[in-house]
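In: Give the three-dimensional model of this entry:
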Amino acid sequence: MFDRKNWLVKERVGFLKLVDTFDIYDPSTGQQIGIAKEQLSVWVHILRFLVNKRLLPTYVEVREREDGRVILGIRRGVSLLHATVTVTNDAGRPIGLFKSKLFSLGGGFHVLDGAERPVAEIKGDWKGWNFRFLTPDGAEIGTVTKKWAGIGKELFTSADNYMISLNESRGYRPESAPLLLAAGLAIDTVYKEK
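Out: Now for the predicted structure:
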């Protein structure tokens, strides 16, 4: 899945859903190439009836097939003022960390590698629909763009669609692909969920 440079992520719509599921597609073929699904404890399920789910911890597993092995893990702890999201590889080792910016108009993250060294920044635009994945020197290595899903879906659900694209610029590195895909999912879980 990480040999691609573009992904379309579609959040599944559900009535009173307590667990978020995202289908991941190859936008050039329309073929589903992965699935990301929240794995929650019983107490988090119960608290979601009472507390805004953006404040509660979550863990998202990314797999190539529903019954396949986990290839990427995305964990967000309890968050009040700002969130920290840990990204792990298929062996469960940290490959990156997103720390949400405390004051940001459209949202954004500081991106750290597995050793917690700064490697990039994610900046959102003023409306929070377009995010740029930037190296420390300002080179754009990717984008996460919210896609319009239609009036009914936009007004009556919190389900969103995202186009995630890697740029082949001077800052491009193959290991950026899992982090950029994780960024698209982290943007939804930190900034867009209600």
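In: Only C-alpha atoms from now on, for both contacts and neighbour counts.
Out: OK.
In: Ser100 pairs with what?
Out: Per DSSP bridges, the residues bridged to Ser100 are Phe109.
In: Near it, how many other residues are there?
Out: Ser100 has 24 neighbours, counted by other Cα atoms under 10 Å.
In: I'd say it and Thr86 touch.
Out: No: here Ser100 does not reach Thr86: they are 11.5 Å apart, not a contact under Cα atoms under 8 Å.
In: for the protein, which helix is longest?
Out: helix 176-187 (DSSP state H).
In: Give the rounded mean pLDDT of it.
Out: Here helix 176-187 scores 86 as its mean pLDDT.
In: Contacts made by it with the rest, please.
Out: 2-5, 7, 72, 74, 85, 87, 95-96, 98, 108, 133, 142, 144, 162, 164, 166 (Cα atoms under 8 Å, 6 or more residues apart in numbering).
In: Show me which of the residues you listed are buried.
Out: Buried subset of the contacts of helix 176-187 (neighbour count, 16 or more other Cα atoms under 10 Å): 5, 7, 72, 74, 85, 87, 95-96, 98, 108, 133, 142, 144, 162, 164, 166.
In: between those residues, which is closest to Pro57?
Out: Closest approach to Pro57 among the buried ones among the contacts of helix 176-187 (Cα to Cα): Val85, at 9.7 Å.
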